[in-house]
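Engineer: Fold the stuff below for me.
(2 chains)
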Amino acid sequence: MLTVNELSYSFTDTGVGKSVLDNISIHVQAGEFVSIIGESGSGKSTLFGLISGLLQPEQGEIILNGKLTHQRLGKVGYMPQKDLLLPWRTVLDNIILPIEITKGSLEEKKEGIRKWLIRFGLSDYEKFYPHELSGGMRQRTAFLRTLMTGKNLLLLDEPFGALDSFTKRSMHEWLLGIWEDLNKTVLFITHDLEEAILLSDRIYVLKRFEKSCIEVKIPLSRPRCSEFIYTQEFLKIRKSLERLLR
Amino acid sequence: MKDSCKTRIKSYGPFVLMTILIGCIWEWSVNKEIIPSFILPAPTSILQALIEHREVLFEVHLLATLKEVVIGFVLSVIVGIMLGICMHFSKALEKIIYPFLVISQTIPLIAISPIFIMWFGYSIWSKVAVTFLIAFFPIVISTYDGLKLRGTDYSNLLLTMGANRWDIFKKIQIPMGLPTFLSGLKMAIVYCVVGATIGEWLGASEGLGYFSRRMSGNMEADALFAAVFLLSLLGIILFLIISIIERQILKKRYY
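Structural biologist: Predicted coordinates:
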């Protein structure tokens, strides 16, 4: 699905190059849920900018769907850190934005949209404006908009980062509940260890100073539920990951 | 319902009270001949003049001025938006147009009006030209500045969806620029009344500016004040109309 080979990138806006990513390699298979964790400043969001095509790498290659290309814009579903819902559009109008951009037919997708609105618990709110929604609903709207791009690979940049812990918990429960039906591949940025372990099949740990990228497999079985965080197995994984991050 | 009535009294009450108070002091001081009535006529005599001259004032002069204002406004909106968009899309055009824009605003209107009269004579177009010259500037600037609000995050998001420049212009930049543009529109409509009046002073056969100047020559202070009152009323009403349109367009927005 996605292969990133020996990728390097640095910001040069001040004249002096400041290296953000150095020799990073990751790969994601179709249907996988892969998380990237790391402290702030380790270049997680930059990596997403590169994969989505907003930025071009200095070195290394990004192979999407088996093809190496510079034109990656419009090829993946990208959900940014801020929800970026357009304040002058209703929930429904925000969700259909990707369909408008790709000039897709709304009529054909109407049934699908209605189905997903119900699954996302937004069907009663489709006429609401973003400022009238709670944080959790805004995130779900932004997520549904990403889903509506119809792309198989979704890049989610800390989608639950701004939520309080209760809302976050219920969002995890909800996401695990629909995961099997989503039929998507997800690359997920977070700095929440618990979230990463609970949701992912594999985790990449990005370290800021060592500029290294360590892969960790999560051997928990699916389907999962949020109760998993209390199991011995979970705690063991968490302990070893924390040791890695130190 | 009761609440909205209360908030209205709260927000407009002080202004209304103050106006009544000033009106009373004004009336009283003219009646007591503290101020001579040919300098400042009493509010009641202005009202009398308004009623006395109502036919010419409303049917001839107000209508003539309104016509100049509306034509000038529509023209400046059309040209202003076009220039603003051109400047937005082309750096080269921006560099050419911007200095001319500034120059057009530094030429004293009074000085340039005789030129318009030379070109257009005493027809409506000499007045429209002055109106246009004064009103198109805020529209160009507000269009251009409104479109400059890039909303980089939003634009990037649309780019990842495969949007082209036109999509971003339509779906992000126009909605984002609307509030700035509408502010420019409100300024422009008020300037239009000013422009039409100046145009009429310098050469016209009808209109409130022409009427007020003639009354000034005749030392008919009360009729002059009646015309000035009508002009400011015209400005206020036009401003309110644009404000209502603005509120309708931006109704559901909160940032």
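Engineer: C-alpha only now, for contacts and for neighbours.
Structural biologist: Fine.
Engineer: Smallest distance to chain A belongs to which residue of chain B?
Structural biologist: For chain B and chain A, the shortest gap (CA to the nearest CA) falls at B:Gly162, measuring 3.7 Å.
Engineer: and the residue of chain A found nearest chain B, how many neighbours?
Structural biologist: For chain A and chain B, the shortest gap (CA to the nearest CA) falls at A:Gly74, measuring 3.7 Å. Neighbour count for A:Gly74, taken as other CA atoms under 10 Å in any protein chain shown: 21.
Engineer: I'd assumed A:Ile62 was in a helix, is it?
Structural biologist: No - using DSSP: H, G, I helix; E, B strand; the rest coil, the secondary structure at A:Ile62 is strand, not a helix.
Engineer: is it true that it touches A:Glu6?
Structural biologist: No - between A:Ile62 and A:Glu6 there is no contact under CA atoms under 8 Å: 9.1 Å.
Engineer: So these two - more neighbours on which side?
Structural biologist: A:Ile62 (27 against 15).
Engineer: Ignoring the adjacent residues along the chain, who's closest to that one?
Structural biologist: With sequence-adjacent residues excluded and distances taken as CA to CA, 6 or more residues apart in numbering or on different chains, A:Ile62 is closest to A:Val4, at 4.6 Å.
Engineer: mind checking how far the helix or strand that neighbour falls within is from the chain centre?
Structural biologist: In this structure, A:Val4 sits in strand A:2-11 according to DSSP states H and E. For strand A:2-11, the distance from its own C-alpha centre to the chain's C-alpha centre is 17 Å (CA atoms, centre = their mean, to the nearest Å).
Engineer: Partner strands of that strand and their direction?
Structural biologist: Partner strands and pairing direction for strand A:2-11 (DSSP bridges) are strand A:18-28 (antiparallel), strand A:59-64 (antiparallel).
Engineer: Could you dump those strands into TSV and include mean pLDDT?
Structural biologist: TSV is the format used below for the strands paired with strand A:2-11 (pLDDT from 0 to 100):
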stretch	mean pLDDT
strand A:18-28	83
strand A:59-64	88
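Engineer: and A:Ser221, which of those is closest to it?
Structural biologist: strand A:18-28 (18.4 Å; CA to CA).
Engineer: neighbouring contacts of that closest one?
Structural biologist: A:1-12, A:34, A:41-43, A:46-47, A:60, A:185, A:187, A:204, A:211-213 (CA atoms under 8 Å, 6 or more residues apart in numbering or on different chains).
Engineer: tell me how far that strand is from the chain's mean position?
Structural biologist: The answer for strand A:18-28 is 17 Å, by CA atoms, centre = their mean.
Engineer: contacting residues around the following helix or strand past that strand?
Structural biologist: Per DSSP H and E, the first helix or strand lying C-terminal to strand A:18-28 is strand A:33-37. For strand A:33-37, contacts defined as CA under 8 Å, 6+ apart pick out A:28, A:44, A:185-193, A:196, A:199-206.
Engineer: out of those residues, which are inside helices?
Structural biologist: In this view, these that belong to helices under DSSP state H are A:Lys44, A:Leu193, A:Ala196, A:Leu199.
Engineer: low pLDDT regions in chain A?
Structural biologist: Along chain A, segments meeting pLDDT under 70 span A:13-17, A:208-211.
Engineer: At which residues are the strands of chain B located?
Structural biologist: In chain B, no strands are found when defined by DSSP state E.
Engineer: in it, which spans are helices?
Structural biologist: In chain B, the helices defined using DSSP H lie at B:2-31, B:43-52, B:54, B:63-89, B:91-106, B:109-120, B:124-148, B:152-160, B:165-168, B:174-202, B:208-217, B:221-250.
Engineer: mind putting those helices in CSV, mean neighbour count and distance to A:Ile229 included?
Structural biologist: Formatted as CSV, those follow (neighbours: other CA atoms under 10 Å in any protein chain shown; distance: least, CA to CA, whole Å):
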stretch, mean neighbour count, distance to A:Ile229
helix B:2-31, 12, 52
helix B:43-52, 17, 81
helix B:54, 14, 83
helix B:63-89, 20, 54
helix B:91-106, 12, 57
helix B:109-120, 15, 76
helix B:124-148, 25, 48
helix B:152-160, 19, 34
helix B:165-168, 14, 43
helix B:174-202, 23, 44
helix B:208-217, 21, 80
helix B:221-250, 18, 46
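Engineer: Surely A:Arg72 is in contact with A:Gly49?
Structural biologist: No - counting by CA under 8 Å, A:Gly49 is not a contact partner of A:Arg72; they are 10.4 Å apart.
Engineer: The residue nearest the centre of chain A is in what secondary structure piece?
Structural biologist: With distances taken as CA atoms, centre = their mean, A:Leu156 lies nearest the centre of chain A, 1.5 Å away. Secondary structure from DSSP H and E places A:Leu156 in strand A:153-157.
Engineer: And the strand or helix carrying A:Arg140, what's buried?
Structural biologist: Assigned by DSSP H and E, A:Arg140 belongs to helix A:135-147. For helix A:135-147, the neighbour count (16 or more other CA atoms under 10 Å in any protein chain shown) marks A:135-147 as buried.
Engineer: so can I have TSV of these showing distance to A:Ile95?
Structural biologist: Converted to TSV, the buried residues of helix A:135-147 look like this (distance: CA to CA, whole Å):
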residue	distance to A:Ile95
A:Gly135	16
A:Gly136	15
A:Met137	12
A:Arg138	11
A:Gln139	12
A:Arg140	10
A:Thr141	7
A:Ala142	7
A:Phe143	9
A:Leu144	6
A:Arg145	4
A:Thr146	8
A:Leu147	9
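Engineer: quick one: which of those residues is nearest A:Leu55?
Structural biologist: Closest to A:Leu55 out of the buried residues of helix A:135-147 is A:Thr146 (19.2 Å), distances taken as CA to CA.
Engineer: How about the residue nearest to the closest one when sequence neighbours are not counted: which residues does it bridge to?
Structural biologist: Among residues not flanking A:Thr146 along the chain, A:Gly77 sits closest, at 5.3 Å (CA to CA, 6+ apart). Counting by DSSP bridges, A:Gly77 is bridged to A:Leu154.
Engineer: The residue nearest the centre of chain B and B:Thr180: what is the separation?
Structural biologist: Chain B has B:Val190 as the residue nearest its centroid, 1.5 Å off, counting by CA atoms, centre = their mean. Applying CA to CA, to the nearest Å, the value for B:Val190 to B:Thr180 is 16 Å.
Engineer: rewinding a little: mind listing what the residue nearest to the centre of chain B touches?
Structural biologist: B:Gly235, B:Ile236, B:Leu238, B:Phe239.
Engineer: How is the chain partitioned into domains?
Structural biologist: Reading this off chain A. Following the assignment in automatic domain parsing, chain A carries domains at A:2-76+A:152-245, A:83-150.
Engineer: nope, chain B
Structural biologist: Following automatic domain parsing, chain B resolves into domains at B:1-35, B:38-250.
Engineer: for those domains, which one sits closest to A:Thr167?
Structural biologist: Distance to A:Thr167, taken as CA to CA, is lowest for domain B:38-250 among those, at 24.9 Å.
Engineer: got the residues of chain A near chain B?
Structural biologist: Contact residues (CA under 8 Å from any CA of the partner chain) of chain A with chain B: A:52-54, A:73-80, A:84, A:86-88, A:98, A:101-102, A:129, A:131, A:149.
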